[in-house]
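Novice: sequence first, predicted model second:
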Amino acid sequence: MFSVALRQCARSAAVRSSISRASPRVFANASAIRSMSTTVEEEVLASDAFKKSCYVAIDFTIAEDATVYDAVQRFSAYDIGALVTTDTDGSIAGVVSERDYVTKIALLGKTSKDTKISEISTKSANLITASPKDSIEICMGKMLSRDIRHLPLLDDDGKVVGMLSIKDLVKALVAEKEKTIQVLSDFALGKGGHFGSE
C-alpha cells in the first residue's frame, strides 16, 4: 500500500517537473485542446431535425381549395397529422391537421367531401412558424406555448421549406442528450471528451 502511494507521488513529481520545463507553445496548445474538449454539445437546429423527419420525403403541402377528404387521404397514406395549405400562388395559406378534421367536420356532422380545406384550416395570420436556423429548443418552446403539434419552417423570404412535428423535436432532443451523455462518459473514462469513443 505504502509503495503504491510512493510510486504515485514520484509519478506526479515527474509530471510537475516536465510541465515546468514545457515551452509556452505547449501550454497554448494544451489550453486550446482543453477549451475544445469542454464543448460538450453543439446546438441542434430545426433544419437538422427536419432532415430526419417523416415530412422530408413527402410533399407536405396541399391546395387550400382541395376538399378535406383529400387531406384525410394524405394523412392516412403518409401516416402524418398535418399539412401546410397553399394558395393559388403556392404561398403558405395555413395548416390543416387531424385535429381540425375531428373538431370541425366529424363533431359538427359535416362531410369531408363537401368541405374545402380553407373552411377548417388555421390561417397564416394566426400561424406559428419557425426558421430552419432556430434551435430545437426554440421550436419546442413555440409549440408548447400555443399547444400545437406541428410547425412549418419558413426561409427568409417566407417560403415554406419544411415541417416539424412534436415527435421530430422529441427525437432530436433525445439524440442530443444521448450524444452529451456519451461524450461525458468518454471523458470520464479518459477517452477524450471532444472526439468521442470512435
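Specialist: On my side now, so go ahead.

Novice: buried stuff in stretch 130-143?
Specialist: For stretch 130-143, burial by neighbour count (16 or more other Cβ atoms under 10 Å) applies to Ala130, Ser131, Pro132, Asp134, Ser135, Ile136, Cys139, Met140, Lys142, Met143. Heads up, the C-betas are built off the backbone N, CA and C, glycines and all.

Novice: same question for stretch 116-129.
Specialist: Buried, per 16+ other Cβ under 10 Å, within stretch 116-129: Ile117, Ser118, Ile120, Ser121, Thr122, Ser124, Leu127, Thr129.

Novice: what stretches of the protein score poorly on pLDDT?
Specialist: 1-41, 192-198 (pLDDT under 70).

Novice: please enumerate the strands of it.
Specialist: For the chain, the strands defined by DSSP state E occupy 61-63, 82-86, 92-97, 122-123, 150-154, 160-165.

Novice: contacting residues around stretch 125-141?
Specialist: 43-50, 92, 94-95, 142-143, 146, 148, 151-156, 161-162, 164, 166, 169, 172-173, 176 (Cβ atoms under 8 Å, 6 or more residues apart in numbering).

Novice: could you flag which of those residues are buried?
Specialist: Buried among those by 16+ other Cβ under 10 Å: 44-50, 92, 94-95, 142-143, 148, 151-154, 162, 164, 166, 169, 172, 176.

Novice: now do Val84 against Ala188, distance only.
Specialist: Distance of Val84 to Ala188, computed by Cβ to Cβ, to the nearest Å: 45 Å.

Novice: if I look at Gly190, how far off is Ile181?
Specialist: Following Cβ to Cβ, the distance that separates Gly190 from Ile181 is 16 Å.

Novice: again with Val170
Specialist: 16 Å.

Novice: okay, how far is it across stretch 144-151, tip to tip?
Specialist: 11 Å (Cα to Cα, to the nearest Å).

Novice: what residues are up against Arg99?
Specialist: Arg99 neighbours (Cβ under 8 Å, 6+ apart): Gly81, Arg149.

Novice: swap in Asp48?
Specialist: Ile136, Ala172.

Novice: again, only this time at 7 Å
Specialist: Each residue near Asp48 by Cβ atoms under 7 Å, 6 or more residues apart in numbering is listed here: Ala172.
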